[in-house]
Every structure is written in structure tokens, then in C-alpha cells.
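Visitor: the following block contains a protein sequence and its predicted model.
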There are 2 protein chains.
Amino acid sequence: MNNKIRVGIVGYGNLGKGVELALKQNNDFVLKGIFTRRDTSLIKTNSKIIHISEILNYKDEIDVMILCGGSANDLPEQCPILAACFNTIDAYDNHSKIPDYFNMVDDIAKESNKVSLISIGWDPGLFSINRLLAQAILPKGQDYTFWGEGVSQGHSEAIRKINGVKYAVQYTIPIKDAIEKARSGNNPHLKTREKHKRTCYVVPFDFDHTDAIEKEIKTMPDYFLDYDTTVHFITEEDFVKNHSKMPHGGFVISTDINENNHRQKMEFNLSLDNNPEFTASVLVAFARGVYRLALEGKKGAFSIFDIPLSYISPKSGKELRKELL
Amino acid sequence: MNNKIRVGIVGYGNLGKGVELALKQNNDFVLKGIFTRRDTSLIKTNSKIIHISEILNYKDEIDVMILCGGSANDLPEQCPILAACFNTIDAYDNHSKIPDYFNMVDDIAKESNKVSLISIGWDPGLFSINRLLAQAILPKGQDYTFWGEGVSQGHSEAIRKINGVKYAVQYTIPIKDAIEKARSGNNPHLKTREKHKRTCYVVPFDFDHTDAIEKEIKTMPDYFLDYDTTVHFITEEDFVKNHSKMPHGGFVISTDINENNHRQKMEFNLSLDNNPEFTASVLVAFARGVYRLALEGKKGAFSIFDIPLSYISPKSGKELRKELL
């Protein structure tokens, strides 16, 4: 490719900052601007900061808009507006709502003749690919996804909403014994409680009222009730010092025992010091795919399953076959 | 898909038998015949066995021909002939010659308006995908491929050609310390000798002449000279009992430490009781991709990098997004 891919970043939280960082490592891109709802004068960066109200003025200057907002509120609101004018990519990760989100974006992008690649990252994303490979290659086998050890933003937020909680972080921890059972190839049935445990670090406003908080956490349906949950109450100082990082990771393990009694195991795993920075790196690589689909005249919504992986590499097909095949 | 994908198998060695087995687990395929150079009356199977001399009579009855011959001699001879009449898929694995093989097949398949998917399996294949992902997502990182513990057919054959050798098998063994160094994220430089060792089990015709055989193995350039190689001389009985299996596997490990000093690690690994049966399972899954590319009117040679992974699943895009994304 002779021309650099012109991108914009929408949202300058952890993910947006990660994309800005990742773009520096990929010289086939040029960052045209970071679009934010905040007061642009308060943001420190060497990149060009633009208020989001001006975004539609950049229709002809940006090949791919990288949407870095949250899945709960930002993306469902922003993506429909932006997909009407730009090729987009996002990391929409609300698994149960992905089909609806895809359909909504698909309608808009087909109308606007643009490409929208949704739900890119590691889960959904790289883990999804590995689940697909597992089921296509070993159709009678069993696949297991484990998450962590790492910070779950959703669970941390759920705790923060509890009365009396000042700060909170929740670590999802895969249970080693379950991972080994999954790897064993005996296709074990693993219950929710057997796969992961949850450990919470909470800064209360008042250390005299921790019992009520702990009870509310441990009995919260969906989030904590079905798990062995441990709650530690700590000081703000401890919290800032020891719980400000965003590690994560996980495992997709697939096994099969075939008719000849041969055990075959596939495993993909990630160990990440910084979750949003890694997701951002995946977004940037797949932004190449958006660009190439758009160049081909494709339109509508796409997922990671729809993109030939050659499209995410800056290398030519010839180079890829020679160096990586 | 309403119609079953009609496939043929060319070659009935370990790989062809593996494809026959894998097809039984995938009910969207129908096996129309196994084509062989051997005397068809001597082959035991419930599938239809056809002499390869009749293969061109089946032009209209087969959607995808699954080529299960060896890379050294069979595929370079068979693929050009068959790509002129059939959509094909193969597991061509002579890495250094892949670009030439691809170009040769590409010319023929473009002329015949057919699709030929080459070099499908786990390496080349799934490992190649993971190297591509690693380099696209972590462009400043480092990726390492380890093979084993498993039987290398090429190395075993090299030993068998030595004077005085009756049977031989060679195990490629990745060195644990090197795997841990690769996982560490410190981007170590690992020499050939540091990554793998080689262990050989040899049945000699005469146990009095093992010294010469051992010396010839250990000094063989490319194959053994650059490795720590151990040679065990064993009886034919021991060989048949303990060294008739075909296990294999390996690791693709990719790490990066970014500007914020965050370490990110991706790893894909396989542990296979039976190498050809797993390669066969990959071939069958990707035969769906060949069929779909052909339905779209595509023509020419393709590699694993060129196929959207949704094409290898029997599930619809809608099902994939709902269940696996």
C-alpha cells in the first residue's frame, strides 16, 4: 500500500489512549485526530484533539474511524451515527447483544455504503476465532473458555454502585484445577463455580459498615452469587498503590478424543499486563481489514469471522506466503 | 447449505485415512471415492476405492478433491494435473518451496476456473495464522515457533537412508528452558541448538556396527549437526511396540513489551496424539472454504491467509455471531 491509512479515534479513555500508542508502532497509518466529548483544552497529548461535535466535518479525511467508547452506552449511540458517514471499527463486547448490535449497524452501513467491523479485540475477537477453529476442526470435541487472572470492568462497576463503596476492583481468577481438567481431554462438565472465582478489593467510605457491603456483593445475582467470592476491604492508599493496573488474559482450550482413541488438544492463551492496550493493538491491526474491505467496495457490518487474516497484515500475499506460511 | 459437499480423497496413506475418519464427524460432506495408485482390491475400507487412472471421469461428481499425497514427490506431480479439472485442497508442507508451488498451482487453477487451497494443516496452517496475528497485532514484538514433542517424518526418513539402518524414528523435542525464555517476554535470541533437541531410535541390521551409524546421524548437515542429538539403538520388537505412534505438537509464542513497559503475551499450542489425523481434520474443515470460494466464482490458488474463517464452519454467520463471537 502506497497511501497511509487515515484514521480517527473516537473517545480518549484507556482504549483510545491504547490505540494512539499502538498507531505509533504501525507506520502505515496516520492519525488525523482524536475526537472527544470532553473539553479539548484539558487533554494532554501531542495528537490533534477535536471536539466530537465537529466529527462530521472530517468525512473526507478519514478512512477508518476507530470507536473507543464503552459498550454499555457509548457504542450503541455513536456507532449508528458514525456508520452513516465513516468506515468504523469497534470493540463492542456485550456478548448477548452482539446479534442486535450487528443487525442495527449492518442496516446503516449498507445504506451508507460503508464498512463497519464490530466486536474486535480478544473476547470477542481472538478467542472467538479460536472457538470457531476448535468447533470446525474438532466438531465432536469440547471447547472451554477461561478468563483471567484479570480485572473485570463490569464486575468492578457493579461493586462501585453499592452504597458505601468508594473504590472497588474485581479480579476474575480461573481455577487451575479446572484448566487442568479441561486440558486433560476427558471433556469434563465444569460448573460456573468450578471454572472461576472472584476476588474483590473494596475501599469503603466507613470501615464499620463492611459487613453489609460484603453481603450485598456475595449475593448479587449473575455477577457474584454463582461464584466463590472473596472480598478484601483496603485503604485508599493500598488501592491506588496495588490495584490501579489493568491486567487480564485467559485461555481457549479445545480437546477431542477421536474414534481411534487419539487425544488432540488445541489451546490459545493470553497473558496481558494491560488489557485495553492489547485490545487497542488488535483494533489497529484489524483497521487494515476495514480499509481493504472498503477499497473492495464492500458495505455493511462484518465480524472477525468475515475477514481473511491477510487483510490485517501490512505485508503482501507474496511476503506472507514466503515468510509466515 | 442444503447440498452436501461432494469430496474425493487422493492417496490412502495416514493422511488419507485421517480424512476418511474426519469426514465421518462432519455430516455436511459426502465422500464420493478414494483414489489410489495401489491395487484397489488390496485395500480394506467401506468407502468406494477407485484407481487413480480413472480420476478424470469424476470431474462432475466432486466439488473438492482432498489431496493427501506427500510434499516431496506426490503433490508437485498430482496437484497441477488435478487443479486443471477439480477444486483442490492439500497439506503441502515444504516451507521453502511454498511460493513456487503456490505460483505453479495458481496459474493452472486460474486457467481452469478452479480453486486450489494449498498448505493447509497446522504448520503450515494454524501456526501460520498465529504468526500472522502476532506480527500484525504486536509488530515490535517477537514470535517463536517450537515443534514437538513429536515424530518428524523428514528426519526419520533421513536416518532410514543410512547404510545399516533397518527402521528408525526421530523425535523433535522442544527444550523447556527455551520455551520458558520465550514466554518471559524478554525477547531472547535463541539459537537452533537452544530451541530443540533430537532423539532417535534406530533398529540396526547389525548391533556391531552402531558406531558408524551414530556418527553419520550426528554429523548430518541441516538435519542433525546443529542440534544436540541422542541416538538409541533398539530391537525391532521394542520399535514396533513403543515407537509406532505419530504424536506431535508445538507452540507459537509471541511477546511484546510496549512503550509503557507492559508485557503482552499470546500463545497457541497443540498437543496431538496423532499428527496426520489432526492435519486431516484441518483439511476437512477448510474444504468447506474451498467449496464456498468456488461457489463465489473465485479462481486460482489460495492460502490459509486468504480465507475468512466463517467459511470453514458449517454454521451460518448469524449462528456464529450468536454462539461463538
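Guide: Perfect, thanks for sending it.

Visitor: longest helix anywhere in chain A?
Guide: For chain A, the helix with the greatest residue count under DSSP state H is helix A:275-295.

Visitor: for that helix, which positions count as buried?
Guide: Judged by neighbour count (16 or more other CB atoms under 10 Å in any protein chain shown), helix A:275-295 contains these buried residues: A:275-294. C-betas here are computed from N, CA, C, even on glycine.

Visitor: try stretch A:235-244
Guide: Quick answer for stretch A:235-244 (16+ other CB under 10 Å): A:239, A:243.

Visitor: can you name the residues in contact with that stretch?
Guide: Contacts of stretch A:235-244 with the rest of the structure, by CB atoms under 8 Å, 6 or more residues apart in numbering or on different chains, involve A:166-167, A:169, A:201, A:203, A:234.

Visitor: let me know the closest of the residues you listed to A:Phe127.
Guide: A:Val169 (22.4 Å; CB to CB).

Visitor: which strands border the helix or strand hosting the closest one, and is each parallel or antiparallel?
Guide: Following DSSP states H and E, one finds A:Val169 within strand A:165-174. When pairing is defined by DSSP bridges, strand A:165-174 lines up against strand A:150-151 (antiparallel), strand A:196-204 (antiparallel).

Visitor: reformat these as TSV; add distance to A:Leu42 and mean pLDDT.
Guide: Compiled in TSV, the strands paired with strand A:165-174 are given as follows (distance: least, CB to CB, whole Å; pLDDT from 0 to 100):
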stretch	distance to A:Leu42	mean pLDDT
strand A:150-151	26	96
strand A:196-204	26	98
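
Visitor: quick one: contacts for the nearest residue to A:Val202 once chain neighbours are set aside?
Guide: Spatial nearest neighbour of A:Val202, chain neighbours left out: A:Ala168 (4.6 Å); criterion: CB to CB, 6 or more residues apart in numbering or on different chains. Contacts were defined as CB under 8 Å, 6+ apart; by that measure A:Ala168 touches A:156, A:159-160, A:162, A:200-203.

Visitor: who wins on neighbours among the residues you listed?
Guide: Sorting the contacts of A:Ala168 by how many neighbours each has (other CB atoms under 10 Å in any protein chain shown) puts A:Val202 first, at 25 neighbours.

Visitor: A:Lys215 - how many residues pack around it?
Guide: The local packing of A:Lys215 (other CB under 10 Å) involves 11 other residues.

Visitor: same question for A:Lys245.
Guide: 13.

Visitor: is it true that it lies in a helix?
Guide: No: counting by DSSP: H, G, I helix; E, B strand; the rest coil, A:Lys245 is not found in a helix; it is coil.

Visitor: confidence score at the residue in the stretch 1-150 of chain A that chain B sits nearest to?
Guide: Of all residues in the stretch 1-150 of chain A, A:Ala136 sits closest to chain B, at 4.1 Å by CB to the nearest CB. The confidence metric pLDDT takes the value 98 at A:Ala136.

Visitor: kindly report the same for A:Asn2.
Guide: pLDDT recorded at A:Asn2 is 59.

Visitor: then A:Glu216?
Guide: 96.

Visitor: which residue packs closest to it, ignoring adjacent ones?
Guide: A:Ile162 (5.2 Å).

Visitor: just to revisit the earlier point, does the longest helix of chain A reach chain B?
Guide: Yes: Helix A:275-295 lies within reach of chain B by CB under 8 Å from any CB of the partner chain, at A:277-278, A:281-282, A:285, A:288.

Visitor: helices and strands around that helix, which ones?
Guide: Counting by 3 or more CB pairs under 8 Å, 6 or more residues apart in numbering or on different chains; DSSP states H and E, the packing neighbours recorded for helix A:275-295 are strand A:5-10, helix A:14-23, strand A:64-67, strand A:88-90, strand A:115-117, helix B:126-137, strand B:263-272.

Visitor: including distance to A:Glu267 and mean neighbour count, could these go into TSV?
Guide: Output for the helices and strands packed on helix A:275-295, formatted as TSV (distance: least, CB to CB, whole Å; neighbours: other CB atoms under 10 Å in any protein chain shown):
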stretch	distance to A:Glu267	mean neighbour count
strand A:5-10	33	24
helix A:14-23	26	23
strand A:64-67	30	29
strand A:88-90	27	29
strand A:115-117	26	27
helix B:126-137	11	24
strand B:263-272	5	22
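
Visitor: what's the closest of these to A:Asn103?
Guide: Judged by CB to CB, the one of the helices and strands packed on helix A:275-295 that comes nearest to A:Asn103 is strand A:115-117, at 11.5 Å.

Visitor: quick one: secondary structure of the closest residue to A:Glu61 other than its chain neighbours?
Guide: Excluding its sequence neighbours, the residue lying closest to A:Glu61 (CB to CB, 6+ apart) is A:Lys32, at 5.5 Å. Following three-state DSSP, A:Lys32 is assigned to strand.

Visitor: what's the burial count for A:Lys32?
Guide: Neighbours of A:Lys32 (other CB under 10 Å): 18.

Visitor: thought A:Arg6 was touching it, still the case?
Guide: Yes: the pair formed by A:Lys32 and A:Arg6 meets the contact definition of CB atoms under 8 Å, at 5.2 Å.

Visitor: what's the following helix or strand after the longest helix of chain A?
Guide: strand A:300-302.

Visitor: residue numbers of the stretch 1-150 of chain A in contact with chain B?
Guide: Within the stretch 1-150 of chain A, the positions near chain B by CB under 8 Å from any CB are A:21, A:24-26, A:95, A:98-99, A:102, A:119, A:124, A:126, A:128-133, A:135-140.

Visitor: change it to 7 Å
Guide: A:21, A:25-26, A:98-99, A:102, A:119, A:124, A:126, A:128-129, A:131-133, A:135-140 (CB under 7 Å from any CB of the partner chain).

Visitor: re earlier: tell me the one of the contacts of A:Ala168 nearest chain B?
Guide: Comparing those against chain B with CB to the nearest CB places A:Ser156 closest, at 19.1 Å.

Visitor: who are the neighbours in contact with the closest one?
Guide: A:168-170 (CB atoms under 7 Å, 6 or more residues apart in numbering or on different chains).

Visitor: got a list of what A:Pro139 touches?
Guide: Contacts of A:Pro139 (CB under 7 Å, 6+ apart): B:25-26.

Visitor: tell me which element it falls in.
Guide: Assigned by DSSP H and E, A:Pro139 falls outside every helix and strand.

Visitor: likewise the one 4 residues further on?
Guide: According to DSSP H and E, A:Asp143 maps onto strand A:142-147.

Visitor: where does chain A dip in pLDDT?
Guide: Chain A contains residues with pLDDT under 70 at A:1-2.

Visitor: from the centroid of it, which residue is nearest?
Guide: In chain A, the centroid-proximal residue (CA atoms, centre = their mean) is A:Gly121; its distance is 4.1 Å.

Visitor: circling back: who does the strand holding A:Asp143 pair with, and is each partner parallel or antiparallel?
Guide: strand A:248-257 (antiparallel).

Visitor: what's the angle from the partner strand to helix A:275-295?
Guide: 70 degrees (axes from the mean of the first three to the mean of the last three CA atoms, to 10 degrees).

Visitor: then strand A:248-257 to CSV, C-alphas only?
Guide: In CSV, the C-alpha atoms belonging to strand A:248-257 read as follows (Å, rounded to 0.1, in the frame of the first residue of the first chain):
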residue,chain,number,x,y,z
HIS,A,248,-6.1,-9.7,32.0
GLY,A,249,-5.8,-12.8,29.9
GLY,A,250,-7.4,-16.2,29.5
PHE,A,251,-7.5,-19.5,27.8
VAL,A,252,-9.5,-21.2,25.0
ILE,A,253,-8.8,-24.9,25.4
SER,A,254,-10.3,-27.5,22.9
THR,A,255,-9.9,-31.2,23.1
ASP,A,256,-11.2,-34.2,21.3
ILE,A,257,-10.8,-37.9,21.6
